[in-house]
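**Q** Kindly generate the corresponding structure for this input.
(8 chains)
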Protein chains: 8
Amino acid sequence: MELNVYLAGEIHTDWRDAIIAACGGLGIEWSGPVTDHAASDDCGVEIFGAEANKFWHDRKGALLNAVRTRTALERCDVLVVCFGEKYKQWNAAFDAGYAAALGKPIIVLHAPEHDHALKEVDAAANAVARTPDEVARALRYVTAAKL
Amino acid sequence: MELNVYLAGEIHTDWRDAIIAACGGLGIEWSGPVTDHAASDDCGVEIFGAEANKFWHDRKGALLNAVRTRTALERCDVLVVCFGEKYKQWNAAFDAGYAAALGKPIIVLHAPEHDHALKEVDAAANAVARTPDEVARALRYVTAAKL
Amino acid sequence: MELNVYLAGEIHTDWRDAIIAACGGLGIEWSGPVTDHAASDDCGVEIFGAEANKFWHDRKGALLNAVRTRTALERCDVLVVCFGEKYKQWNAAFDAGYAAALGKPIIVLHAPEHDHALKEVDAAANAVARTPDEVARALRYVTAAKL
Amino acid sequence: MELNVYLAGEIHTDWRDAIIAACGGLGIEWSGPVTDHAASDDCGVEIFGAEANKFWHDRKGALLNAVRTRTALERCDVLVVCFGEKYKQWNAAFDAGYAAALGKPIIVLHAPEHDHALKEVDAAANAVARTPDEVARALRYVTAAKL
Amino acid sequence: MELNVYLAGEIHTDWRDAIIAACGGLGIEWSGPVTDHAASDDCGVEIFGAEANKFWHDRKGALLNAVRTRTALERCDVLVVCFGEKYKQWNAAFDAGYAAALGKPIIVLHAPEHDHALKEVDAAANAVARTPDEVARALRYVTAAKL
Amino acid sequence: MELNVYLAGEIHTDWRDAIIAACGGLGIEWSGPVTDHAASDDCGVEIFGAEANKFWHDRKGALLNAVRTRTALERCDVLVVCFGEKYKQWNAAFDAGYAAALGKPIIVLHAPEHDHALKEVDAAANAVARTPDEVARALRYVTAAKL
Amino acid sequence: MELNVYLAGEIHTDWRDAIIAACGGLGIEWSGPVTDHAASDDCGVEIFGAEANKFWHDRKGALLNAVRTRTALERCDVLVVCFGEKYKQWNAAFDAGYAAALGKPIIVLHAPEHDHALKEVDAAANAVARTPDEVARALRYVTAAKL
Amino acid sequence: MELNVYLAGEIHTDWRDAIIAACGGLGIEWSGPVTDHAASDDCGVEIFGAEANKFWHDRKGALLNAVRTRTALERCDVLVVCFGEKYKQWNAAFDAGYAAALGKPIIVLHAPEHDHALKEVDAAANAVARTPDEVARALRYVTAAKL
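**A** Next comes the predicted model:
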């Protein structure tokens, strides 16, 4: 079975690369947000012109990034969403909620210390993984139909 | 006409192989659940860690299997669902109900002795077959447009 | 919060009455299939004429009952589905699958001995109850917002 | 114009009461999650039995709470979501994503210090308010059609 | 159970009145097309101005009637569609197809002589009735839950 | 038949009042945008704070107005949209496109001089009226089922 | 622009061949019902066993044919439906209604003598053609973007 | 990321060519309306026969063009809509409303002088561009994931 997998969430560690490497040979098409942090923050004003107010600077960028993320989210078969150690990461939880409302299967990746805070997200998911390797093994099982 | 056909239901006899063999040469893409019974039961704990409680052992496996089955069910054009001689097979009936709500055409395969117990499922279906060969002939007619 | 709750599944014990009695005073509108077994089986031929073949006798009844059950299922906010001790009850599992595909919250009521056979249904549900009283307490919590 | 407004997000301050009080006389039906924190955390095990593992303790509660929150979210016309000063509040962002995917208008309530972290949520919203009074004035404008 | 029932099809006999009279006391809200034949044919030009070309005369009327019929079709819980003895009645079959695509339960009313010509419509229906009284008994069973 | 009718388009003449007056006694619930031009333009900054840049001043207002207009558009059964003599009125055409995509019946009200420029909008509509009285007569016919 | 065009309606003249021949070189994928009349009538009983009652003989066939026709209808971009000189052709009108509810563009092909009887179908269509050649020219214009 | 981009709006300047040229090498499939103005106006009567009344002349053309535009709009991932200096361009705003209701990301291209008149359209969009080059840079960023 072939899958389109969207990798949502934090963009400061290499968890995406680890999953993709561990899924070599499977029929998986990967998608995700722009992971160049500076480009992601400034794309709106770079292309459409500067804003005096940081609020609208951010708005222009977030709206442009949404063209990519919403399109990819709606296309994907499975959402993998990673909550890391730093920042608020409301963006990741927003994507998980969006995917849940679309009925997409979700695999959440996070450390046990966040279990209680993420209980609603986890309850909407098909699996809670602790490492990128667990995510990869799950995707291998789903696509290749064997352990 | 090309079709994606999902083969739902019992995983203890070779009815899937019989249908697939009898449909050789047709433009049919086949899908279905993981049919390795042990893998299907244990996938959750094998990948994400053991559970002391069998209830949650089963839950982890069922949720992971659902990533595959829901995706395939939503992609399919036709659901073929087989009710065999053994076990409760609530899973098969659940898949049939799921497919019915999505508006998928359904072909049910079962022996006449289950006619009364399956009357609601049959009433939601486009055909009730008694043998894999009847299923295959129906799929041949639908795709090749001739008897 | 007011709810429309559909009570699906077996029609041979008084579990529906037990839940309804225990939910007295809550803003719940109840719905469900026809629970007069004979009427449910024979409604089709009683109204539209006898059938020589039992298969079509059943079909006429099942199709007519579906006018009621599908309408009520699509209207409901929550599906409660009970799996009892007797019969195949594929009908109950079919309704659960149908409700799951519509995104309805599901509460499953069954004894622990069926846990393994119902693991896929349970995994699609928001709660697994062992007694009508547990179902009633859950509905009370959801509607009245307190334990 | 009458509205059903869902008040999502933090349950540790009285922002809900402030909005409701300021909207007196408007045709607004209010909904929201269970705001009794202890009940919300323990409802699952209180009703369906204790769990040795805190992860499943949380899961049972989160799934039961979702019966209420998903039903209310899908019924509402407008989502108001508040991000407070404490905790991760991934739950609030999840609800916002869920509502966004359903096409619900969203009003976000948060302090300016979270502007950058919430830029994707804000970009999916119809308004960003700083105080409950601003939310109330917006709802008054929308329903009463005058400033 | 309360139902909204749309009565589609021929407007030259009193089958609608017969069904409504026989359903006295049931919680049924009735809807249907304009049954004043002359008004139905001429409403477009009467209101919006005459047309030299009969084709556009008809178009104006059909489009205006569709405001009523589409709205009522989408609101209804059950479609009852009657095929009478005269005219082509493509309109009735069109409404049946429209309702089928919306997933509405359908009860078809027609004489046996049209069985073969209506086999596709009948196969999309939950019941085929021969008399208004059969339709009424079916609606009574569905709403009152007894024969 | 009762209807919810949304009156979209220009807010500088009294066409809404004329239609509503001429529909006295019919079961029509009326909805529409805020018609106080100044309030509509300034609501965003009045409630959420001033903007130095007129572009964002307008954005805040348009987003807040959309809470009302989108909600009302999605609730309505019929859209009546008026194109007047002045201004670009892209807003009216946008609402018509929005309603068309939702499958809402549309009645367009405009003078013949705009026929060619509005041909795509008219082609998506069920009727093209020249006066508020024609709109009212059409709504009377649809709801009262007689000319 | 590439299109999937479903050719619905009568199966006794060669209108399908005429359209397909006249569209040579365009990027059109054609679909349609089984046009072998005997196979279409008898497929159900040929594959799944004889029926004593012609009504159920027809039912089995119609349900099996619906696997093909519904799948193709839901896949198509455009429905072309032909009403010929003979028979009731309720099937064609049913397909048109089904396609209209799905929002598919429709081109109707029929002689002027049926204009009045088909006015509701025509009013739901994007074009009314009198000859297969007109249908082909329309499809050529739509796909090749020139007259 | 590959995208299907629909280029809606004015057909009198070469803005489409400018965007397409500036996006060379990206995985973008372009779609749009027929841009041959005369063909677009007269296609209906050219193919299906002349009309005495210009209103119906326009209607036949608009309905045929809608076969192309609606199909392309529903297929596209992103709508780019240009408002030029001339004409009413209600058609462009209608397409934007249609796309907005389908949840398509929208990029609007117009001069600052139309900011106020287009504020509702802009508020439904992900970006407001001033030049074809800005549109192209945005599409490059979305598809290539870098500035």
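
**Q** Wait, residue A:86 touches residue A:12, no?
**A** Yes. In this structure, residue A:86 is within contact of residue A:12 by Cβ atoms under 8 Å, at 6.7 Å. Bear in mind the C-beta positions are built from the backbone N, C-alpha and C, glycine included.

**Q** Comparing the two, which residue is more hemmed in?
**A** Applying other Cβ atoms under 10 Å in any protein chain shown to residue A:86 and residue A:12 shows that residue A:12 carries more neighbours, namely 11 against 8.

**Q** quick one, phi psi at the more buried one?
**A** Residue A:12 adopts backbone torsions of phi -110, psi -10, taken as degrees, to the nearest 10.

**Q** And the pLDDT at it?
**A** Per-residue pLDDT puts residue A:12 at 86.

**Q** cool, residue A:38 as well?
**A** Reading off the model, residue A:38 has pLDDT 96.

**Q** What is the neighbour count of it?
**A** Residue A:38 has 10 neighbours, counted by other Cβ under 10 Å.

**Q** just checking, what packs against the helix or strand harbouring it?
**A** Using DSSP states H and E, the element containing residue A:38 is helix A:37-48. Packing partners of helix A:37-48 (3 or more Cβ pairs under 8 Å, 6 or more residues apart in numbering or on different chains; DSSP states H and E): helix A:54-75, strand H:127-129, helix H:132-144.

**Q** could you redo the last one with a cut-off of 10 Å?
**A** helix A:54-75, helix D:119-123, strand H:127-129, helix H:132-144 (3 or more Cβ pairs under 10 Å, 6 or more residues apart in numbering or on different chains; DSSP states H and E).

**Q** How far away from the center of its chain is it?
**A** The chain centroid and the centroid of helix A:37-48 are separated by 19 Å under Cα atoms, centre = their mean, to the nearest Å.

**Q** Can you check what angle separates it from helix H:132-144?
**A** 160 degrees (axes from the mean of the first three to the mean of the last three Cα atoms, to 10 degrees).

**Q** Now do helix A:37-48 against helix A:54-75, angle only.
**A** Helix A:37-48 and helix A:54-75 are oriented at 110 degrees to each other (the same axes, to 10 degrees).

**Q** buried set for helix A:37-48?
**A** A:39-48 (16 or more other Cβ atoms under 10 Å in any protein chain shown).

**Q** check contacts around the residue lying farthest from the centre of chain A.
**A** Farthest-out residue of chain A from its mean C-alpha position, per Cα atoms, centre = their mean: residue A:52, at 30.5 Å. Neighbouring residues of residue A:52 by Cβ atoms under 10 Å, 6 or more residues apart in numbering or on different chains: F:52-53, F:56.

**Q** Give me the nearest residue to residue A:32, chain neighbours excluded.
**A** residue A:7 (4.2 Å; Cβ to Cβ, 6 or more residues apart in numbering or on different chains).

**Q** And for residue A:105?
**A** residue B:67 (4.3 Å).

**Q** That neighbour and residue A:126 touch, don't they?
**A** Yes. Between residue B:67 and residue A:126 there is a contact at 5.0 Å, judged by Cβ atoms under 10 Å.

**Q** How about chain A: which residue is closest to chain D?
**A** Per Cβ to the nearest Cβ, the residue of chain A with the smallest distance to chain D is residue A:97, at 2.8 Å.

**Q** So which bits of stretch A:66-82 are buried?
**A** A:66-73, A:76-82.

**Q** for stretch A:126-135, that is, sorry about that
**A** Of the residues in stretch A:126-135, those buried (16+ other Cβ under 10 Å) are A:126-129, A:132, A:134-135.

**Q** which of these lies closest to residue E:102?
**A** residue A:126 (31.0 Å; Cβ to Cβ).

**Q** My understanding was that that closest one contacts residue A:103; is that so?
**A** No. Checked against Cβ under 10 Å, the pair residue A:126 and residue A:103 is beyond contact range at 11.4 Å.

**Q** got any residues that touch both of the two?
**A** In contact with both residue A:126 and residue A:103: residue B:70, using Cβ under 10 Å, 6+ apart.

**Q** give me the residue from chain A nearest chain E.
**A** For chain A, Cβ to the nearest Cβ, closest residue to chain E: residue A:103, 17.7 Å.

**Q** Pull the contacting residues for the closest residue to that residue other than its chain neighbours.
**A** Using Cβ to Cβ, 6+ apart and skipping residues adjacent in sequence, the residue nearest residue A:103 is residue C:103, 6.9 Å away. Residue C:103 makes contacts with A:101, A:103, B:101, D:70, D:74, as judged by Cβ under 10 Å, 6+ apart.
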